[in-house]
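Peer 1: requesting a structural model of the entry that follows:
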Amino acid sequence: MSTPDPATEPHAFLQHLYQTAVRRALPLHNMAAHLPPVPKGRTVVIGAGKAGGSMAQAVEALWPADAPLQGLVVTRYHHIPPRPQGLAPRIEVVEASHPVPDAAGMAAAQRILQMVRGLSADDLVLCLISGGGSALLTLPAQGLTLQDKQRINRELLNSGADIAQMNCVRKHLSRIKGGRLAAACAPAKVVTLAISDVPGDDPSIIASGPTVPDASTCADALAILRRYGIELPGSVTHQLEQGELETPKPGDPAFDGHALHMIATPRQSLEAAAAQARAAGVQAYILSDEMEGESREVGKVHAALARAVARHAAPFAAPCVILSGGETTVTVRQQPAGTPRGRGGRAGEFCMGLAQALQGQSGVWALAADTDGIDGVEDNAGAFVGPETLLRGLSLGMRIEDYLDRNDAYGYFRKLDDLVITGPTYTNVNDFRAILVWAG
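Peer 2: Residues are numbered from 1 along each chain as shown. Got it, this is the predicted structure:
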């Protein structure tokens, strides 16, 4: 596919870079080098995440046709990719809710836990992990109901807590996360294949690390809950205070002989997009693949950099593309009674903060989108920003400040027809942001 001309088709060019980043993270392109040999005993495939369906299909395509294979993987609703013609199904894939867990995800977690019990040292467990697995693989700790976990998840999502904080809490309130699934697989060997969606690619944070050691503690989880004012049943608070919900730690023999392979990361996708931009004659700079913070504020920082490039050719010279990744957060503002609920996710909120701070700067266009194709819980991956974004909004009676106040990025960019809509991509290496500075 030819690269659109950035000078005349800036939106199409930026979308091409996004699609390049997504393709780099597709499981079938990355898995073959990391598959272990066929074991003497059984091979059981388990897993959870937004890329679960495509990861399962990659295993089916790459695993020897004459070698036994079975298993169960859970993914988000509507995230099972079309099955390639001639590829026989050998791994069951089920769907559940994300980002708030549901009964389907709990049933899948129970089945997965039961599936790995009673294995032998000759057996192999292939665990396929990707972003979203924390919600999809839910099994509440003793004293918690599914309704409790749903409420806690919602409050964490709205609190502004970062992904490491949220998953620290999730690990300690679970019977399957934080290394507990690996312990249940003993004495079988566990090989975890992961697609990273977290800053720093820490495997204990991706999907709350069900098959890897966890260095965080009950005290850490309790401090996070208290910081954000999230209530627990008294019995569960007591268990955290007493350390009774502790997770398996580094050095635990439960992980002896296990292996972990990161088959796709945010950095790899950003580098692929950068290479594509350079091939089109546009210099590309990757700021970081680990950016965190409030989405709108991160947008303002990116805007300041883009304006400096456009106005002063510093620290980079135009034309150029500025790339970044990571996982920002959105603190949902309380609204007066009767006010319509805002719609949107991290990428859209970033774009609103960016547009507001760019102040209509000429020669600057941007795209921010989630690489799973879904920004929050909406049907868009993200949004576009251009020099005319604010003026076009005002011409339709929209002040961007009003939409920021109610976290309504979807409403703002939908009216401008500037949503990025791709549908599920069947992978997930988190936020992708690209700013094209063509001229000042």
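
Peer 1: from here on, just use CA atoms for contacts and neighbour counts.
Peer 2: OK.

Peer 1: ranges for the helices of the stretch 251-400 of the chain?
Peer 2: Shown for the stretch 251-400 of the chain, the helices assigned by DSSP state H, counting those that start in this stretch span residues 266-279, 295-312, 346-358, 389-395, 400-405.

Peer 1: highest mean neighbour count out of those helices?
Peer 2: Of all those, helix 346-358 carries the top mean neighbour count, a mean of 27, counting by mean count of other C-alpha atoms under 10 Å.

Peer 1: pull the distance from that helix to the chain's centre.
Peer 2: 19 Å (C-alpha atoms, centre = their mean, to the nearest Å).

Peer 1: stretch 262-269 too?
Peer 2: How far stretch 262-269 lies from its chain's middle: 12 Å, per C-alpha atoms, centre = their mean.

Peer 1: returning to that earlier point: make CSV out of the helices of the stretch 251-400 of the chain and add distance to Ala188 and mean pLDDT.
Peer 2: Output for the helices of the stretch 251-400 of the chain, formatted as CSV (distance: least, C-alpha to C-alpha, whole Å; pLDDT from 0 to 100):
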stretch, distance to Ala188, mean pLDDT
helix 266-279, 31, 97
helix 295-312, 42, 97
helix 346-358, 39, 97
helix 389-395, 56, 98
helix 400-405, 51, 95
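
Peer 1: where exactly do the strands run in the stretch 1-150 of the chain?
Peer 2: Secondary structure of the stretch 1-150 of the chain, counting by DSSP state E, counting those that start in this stretch: strands at 43-48, 70-76, 92-96, 124-129.

Peer 1: just give me how far the first one sits from the chain centre.
Peer 2: Mean-position distance between strand 43-48 and its chain equals 20 Å (C-alpha atoms, centre = their mean).

Peer 1: still on that earlier bit, can I get the strands of the stretch 1-150 of the chain in TSV with mean neighbour count, mean pLDDT and distance to Gln359?
Peer 2: What follows is the strands of the stretch 1-150 of the chain, written out as TSV (neighbours: other C-alpha atoms under 10 Å; pLDDT from 0 to 100; distance: least, C-alpha to C-alpha, whole Å):
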stretch	mean neighbour count	mean pLDDT	distance to Gln359
strand 43-48	27	98	42
strand 70-76	25	97	38
strand 92-96	20	98	41
strand 124-129	26	98	41
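
Peer 1: just put the ones you listed in a markdown table and tack on distance to Gln239.
Peer 2: Shown next, in a markdown table, are those (distance: least, C-alpha to C-alpha, whole Å):
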| stretch | distance to Gln239 |
| --- | --- |
| strand 43-48 | 27 |
| strand 70-76 | 29 |
| strand 92-96 | 28 |
| strand 124-129 | 28 |
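
Peer 1: which among these is found nearest to Gly209?
Peer 2: Shortest distance between Gly209 and those, using C-alpha to C-alpha, is found for strand 124-129: 8.3 Å.

Peer 1: parallel or antiparallel, list what pairs with the closest one.
Peer 2: Partners of strand 124-129 in the sheet, by DSSP bridges, are strand 43-48 (parallel), strand 189-195 (parallel).

Peer 1: Thr237: which of the ones you listed is closest?
Peer 2: The nearest among the strands paired with strand 124-129, by C-alpha to C-alpha, is strand 43-48 at 27.5 Å.

Peer 1: circling back to that earlier point, and the strands paired with strand 124-129 as a markdown table, adding distance to Gln19?
Peer 2: Converted to a markdown table, the strands paired with strand 124-129 look like this (distance: least, C-alpha to C-alpha, whole Å):
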| stretch | distance to Gln19 |
| --- | --- |
| strand 43-48 | 24 |
| strand 189-195 | 17 |
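
Peer 1: Ile421 is nearest to which of these?
Peer 2: Nearest of those (C-alpha to C-alpha): strand 189-195, 22.3 Å.

Peer 1: and the next element down the chain from that closest one?
Peer 2: Next helix or strand after strand 189-195 toward the C-terminus (DSSP states H and E): helix 218-227.

Peer 1: and the next helix or strand past that following helix?
Peer 2: Next helix or strand after helix 218-227 toward the C-terminus (DSSP H and E): helix 234-241.

Peer 1: can you tell me what sits against that next one?
Peer 2: With C-alpha atoms under 8 Å, 6 or more residues apart in numbering as the contact definition, helix 234-241 has outside contacts at Gln142, Gly143, Leu144, His172, Cys218, Ala219, Ala221, Leu222, Leu245, Glu246.

Peer 1: again, but for stretch 217-227
Peer 2: Stretch 217-227 has contacts (C-alpha under 8 Å, 6+ apart) with Gln165, Cys168, Val169, His172, Glu231, Thr237, Leu240, Glu241, Gly243, Leu245, Glu246, Thr247.

Peer 1: list the buried residues in the longest strand along the chain.
Peer 2: Longest strand in the chain by number of residues (criterion: DSSP state E): strand 283-291. For strand 283-291, the neighbour count (16 or more other C-alpha atoms under 10 Å) marks Gln283, Ala284, Tyr285, Ile286, Asp289, Glu290, Met291 as buried.

Peer 1: just list the residues touching the fourth one, thanks.
Peer 2: Contacts for Ile286 were tallied using C-alpha under 8 Å, 6+ apart; they are Leu270, Glu271, Ala274, Ile322, Leu323, Ser324.

Peer 1: and these, which two are the farthest apart?
Peer 2: Going by C-alpha to C-alpha, the pair spanning the contacts of Ile286 furthest: Glu271 and Ile322, at 11.6 Å.

Peer 1: hang on, Ala306 packs against Ile435?
Peer 2: Yes. Ala306 lies in contact with Ile435 (C-alpha atoms under 8 Å); the separation is 7.5 Å.

Peer 1: identify the residues contacting the residue nearest to Thr138 when sequence neighbours are not counted.
Peer 2: Using C-alpha to C-alpha, 6 or more residues apart in numbering and skipping the chain neighbours, the partner closest in space to Thr138 is Met106 (5.0 Å). By C-alpha under 8 Å, 6+ apart, the contact list for Met106 reads Leu136, Leu137, Thr138, Leu139, Leu146.

Peer 1: now, among the residues you listed, which is nearest to Arg311?
Peer 2: Leu136 (46.2 Å).

Peer 1: ok so, going back, relative orientation of the longest strand of the chain and helix 266-279 in degrees?
Peer 2: Strand 283-291 and helix 266-279 are oriented at 170 degrees to each other (axes from the mean of the first three to the mean of the last three C-alpha atoms, to 10 degrees).

Peer 1: I'd assumed Gly47 was in contact with Val125.
Peer 2: No. Using C-alpha under 8 Å, Val125 is not in contact with Gly47, being 9.9 Å away.
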